[in-house]
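Enquirer: Structure, please.
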Amino acid sequence: MTKFKTTKFSTVLWMIGAVVIAGCQSVTPATNNMAQEVLKPSTCVVEPPPVDENGKPMPVDLDDRLSMELRVFFDKYSAEIKEQYTPELNKIIAFADRCSNLTFFVQGHTSTIEQQAIDEKALHLKGSSQPLDFISLASARAQSIKNYLVNLDLPAHRIRTFDCSADNPIAPNDTEEGAIMNQRAFGWISARDRYDQMLLECREF
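Expert: Numbering: from 1, shown residues only. All right, here's what the predicted structure looks like:
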């Protein structure tokens with residue numbers, strides 16, 4: 001009699017197990033489909049903060065974690081982006097895709113020599129009958145960066161452009177090497193305006 005009860009109990013357990021397994025198998029495909037669906041976050045995904053030797057989280061500057069800088073240098077009198085900078089521009093796109101709440105700021109700069117030539121041209125056109133409709137070189141450099149990013153589907157409203165002319169040089173303009181360093185565009189993507197003083201000295205367009 002005991003043997004019969006044991007056998008009957010084992011049979012019941014086996015049937016319950018079969019039902020549970022069948023149920024799991026029927027749910028698994030739907031779960032896998034959900035896992036395969038890629039959802040873009042509405043805000044930046046920040047990796048866990050670093051920890052100290054005791055395993056406790058260390059303080060971090062969140063603004064620095066939510067930002068990325070870009071530097072692009074141009075040939076004299078040119079606003080054409082060199083191919084060597086496209087990988088960095090593509091990183092901005094990837095970063096912006098992860099962080100949909102961030103804005104990209106880009107400043108166009110010129111060397112003093114370039115700016116003097118631009119000012120002379122503007123003065124010449126002002127005294128002639130020709131329309132003064134040319135875009136400044138600094139603006140053109142910032143615009144070329146914006147155009148590149150927009151062409152890769154970064155929304156235009158997330159990009160702010162500034163013309164800084166020859167202000168805020170990063171190298172002396174009295175040498176060719178220094179002038180080349182100043183023929184640049186500087187950009188950053190951030191949750192807030194990290195360079196507010198610099199932007200006050202530039203013209204947004």
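Enquirer: got the buried residues for stretch 109-117?
Expert: For stretch 109-117, burial by neighbour count (16 or more other Cβ atoms under 10 Å) applies to His109, Thr110, Ser111, Thr112, Ile113, Glu114, Gln115. The way it works is simple: take the backbone N, C-alpha and C, and place the C-beta from them, glycine included.
Enquirer: and Ala79, that one's in a helix?
Expert: No - counting by DSSP: H, G, I helix; E, B strand; the rest coil, Ala79 falls outside a helix, being coil.
Enquirer: How about the contacts made by it?
Expert: Residues near Ala79 by Cβ atoms under 8 Å, 6 or more residues apart in numbering: Gly108, Leu137, Ala140, Arg141, Gln143, Ser144.
Enquirer: Tell me the bridge partners for the first one.
Expert: Pointing back at Gly108 there. Asp163, Ala185 (DSSP bridges).
Enquirer: What separation do you get for it and Asn101?
Expert: Separation of Gly108 from Asn101 (Cβ to Cβ, to the nearest Å): 25 Å.
Enquirer: Pick out whichever of those two has more residues nearby.
Expert: Neighbours per residue (other Cβ atoms under 10 Å) separate Gly108 from Asn101, with Gly108 holding more: 32 against 12.
Enquirer: so what's the more buried one up against?
Expert: Neighbour list for Gly108: 79, 136-143, 145, 161-164, 185 [criterion: Cβ under 8 Å, 6+ apart].
Enquirer: Look up phi and psi at Trp188.
Expert: Main-chain dihedrals, Trp188, degrees, to the nearest 10: phi -150, psi 150.
Enquirer: my read: it touches Arg71, true?
Expert: No - here Trp188 lies out of contact with Arg71, judged by Cβ atoms under 8 Å, at a distance of 9.7 Å.
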